[in-house]
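Peer 1: Below: sequence and its predicted model.
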Amino acid sequence: MKIEPLTRLPHPAWLRLRTALWPGCSEAEHLSEMQTFLHEPERYAQFIAVSDADLPLGFTEASLRTDHVNGTASSPVAFLEGLYVEPGARRRGVARALVRAVISWAMERSCIELASDTQLENTWSQAVHARLGFEETERVVYFRMALGSGNAARP
């Protein structure tokens, strides 16, 4: 297995793996985000894991965040934006190798912390994070309120 940076479009394996991780996103949205990442290599990094037969096994995307990141005490913070490993390649060190690539990228940018998140109900992802060495820092529930429709609370 080898880990390679994703540095160009089109890259059909990257798009396919992204679609597997985020199926609710349109192809146009994926391509737009991927283009943004490629145009800001100091802020974003993306890596693909490929087998010795050159088959895609998984990918990861990371960013540098300078805004507050829950549970961290430094800035900038490297943030694991996405991590996906093909079902047939799981539990074989692919995710660990991808995260190591992100850690190297982050340390080259003087980061001292790597953060990530997942949904409360995604216990599988939580377990993967724990196996990779992440520690849980807090749990958050997000809220929203539609404004302008008479739904907002009046002061």
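Peer 2: Nice, thanks for sending it over. Numbers count the residues shown, from 1 in each chain.
Peer 1: ok, longest helix in the chain?
Peer 2: helix 94-108 (DSSP state H).
Peer 1: Run through who's touching the helix or strand just after that one.
Peer 2: Where DSSP states H and E defines the elements, the next helix or strand beyond helix 94-108 is strand 114-116. Contact with strand 114-116 is made by 62, 65, 69-72, 77-80, 83, 99, 102-103, 106, 129, 134, as judged by Cβ atoms under 8 Å, 6 or more residues apart in numbering. Where C-beta positions appear, they are placed from N, C-alpha and C, glycine not excepted.
Peer 1: ok, back up a step: C-alpha coordinates for the longest helix of the chain, PDB please?
Peer 2: Provided in PDB are the C-alpha atoms of helix 94-108 (Å, rounded to 0.1, in the frame of the first residue of the first chain):
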ATOM      1  CA  VAL A  94      -5.300   2.000   5.700                       C
ATOM      2  CA  ALA A  95      -7.000   4.600   8.000                       C
ATOM      3  CA  ARG A  96      -3.900   4.700  10.200                       C
ATOM      4  CA  ALA A  97      -1.600   5.300   7.200                       C
ATOM      5  CA  LEU A  98      -3.900   8.000   5.900                       C
ATOM      6  CA  VAL A  99      -4.000   9.800   9.300                       C
ATOM      7  CA  ARG A 100      -0.200   9.500   9.600                       C
ATOM      8  CA  ALA A 101       0.100  11.400   6.300                       C
ATOM      9  CA  VAL A 102      -2.200  14.100   7.700                       C
ATOM     10  CA  ILE A 103      -0.100  14.200  10.900                       C
ATOM     11  CA  SER A 104       3.100  14.700   8.900                       C
ATOM     12  CA  TRP A 105       1.400  17.500   6.800                       C
ATOM     13  CA  ALA A 106       0.100  19.200  10.000                       C
ATOM     14  CA  MET A 107       3.400  19.000  11.700                       C
ATOM     15  CA  GLU A 108       5.100  20.600   8.700                       C
END
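Peer 1: And it, what does it pack against?
Peer 2: strand 2-5, strand 44-50, strand 56-65, strand 77-85, strand 114-116 (3 or more Cβ pairs under 8 Å, 6 or more residues apart in numbering; DSSP states H and E).
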